[in-house]
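Trainee: Sharing a sequence plus its predicted fold:
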Amino acid sequence: MTNLSWRSPKLTTRTVTLAAMLIALQTVLSKISFGSDNLVKFGLGFMGTTLIGYFLGPWLGGVALVIGDLIKNTLFSTGSTFFIGFTFSAFITGLIAGAFLYQQKVTWQRLAVYQFVQIFVSNIFFNTLWIHLMYQAPIWELLSVRGPKNLIMWPIEAAISFLILRAVSRLDSRLMH
């Protein structure tokens, strides 16, 4: 596995348009979920996040996920409480996705490591901390529910991300030649 990428594409009209489309896709996919917003939620937003990281890199990916988070919490709010910590988590998630996926060869090892790091840092560490701070829920009880859920989702999200990125990378290479 090669190094992480810390570059993002140049900010052009094409890049901004692509970012807008990916933010819209990620917003829609994140709404397709089930479970409790406050504790355990299974969703498809990770697919949009993966594509954002692949196409936009770490910095633009982080900004795109922040914009997406703000859109979801204003225009498409379902009545849940806005908390800036989740916006910070969104930036970190985009940073991780872009660092692992932008201009990198799509391999199952890379996707497994990426999903593990992203799930551990964003979902288990930061998001559990934010829920604890917002609702004063005991951290160990939160981890006892959120940890196993994320451990189960890790290989599933890695496999789905691998299949999607493999198809996208093949299509992307055909369009570029």
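Mentor: Received it, and whenever you're ready, just let me know what you need. Residues are numbered from 1 along each chain as shown.

Trainee: packing partners for the longest helix seen in the chain?
Mentor: Among the elements of type helix in the chain, defined by DSSP state H, the one spanning the most residues is helix 139-176. Taking 3 or more C-beta pairs under 8 Å, 6 or more residues apart in numbering; DSSP states H and E as the contact definition, the neighbouring helices and strands of helix 139-176 are helix 45-74, helix 108-118, helix 128-135. (Each C-beta comes from the backbone N, C-alpha and C, glycine too.)

Trainee: quick check: angle from it to helix 45-74?
Mentor: Angle between the axes of helix 139-176 and helix 45-74 is 110 degrees (criterion: axes from the mean of the first three to the mean of the last three C-alpha atoms, to 10 degrees).

Trainee: Just want the angle from helix 139-176 to helix 128-135.
Mentor: Put simply, helix 139-176 runs at 130 degrees to helix 128-135, going by the same axes, to 10 degrees.

Trainee: okay, and for this protein, where does confidence drop off?
Mentor: Regions of the chain meeting the criterion pLDDT under 70 cover residues 1-2, 37-41, 173-177.

Trainee: switch the cut-off to 50
Mentor: When the per-residue scores of the chain are filtered using pLDDT under 50, the ranges that remain are 177.

Trainee: Just give me the neighbour total for Gly61.
Mentor: By the other C-beta atoms under 10 Å criterion, the neighbourhood of Gly61 contains 31 residues.

Trainee: isn't it right next to Phe100, touching?
Mentor: No: under the criterion of C-beta atoms under 8 Å, Gly61 makes no contact with Phe100, lying 10.2 Å away.

Trainee: shared neighbours of the two, anything?
Mentor: Here Gly61 and Phe100 have Gly53 as joint contacts, going by C-beta atoms under 8 Å, 6 or more residues apart in numbering.

Trainee: Name the SS class of Arg7, please.
Mentor: Here Arg7 is coil, with the state taken from DSSP: H, G, I helix; E, B strand; the rest coil.
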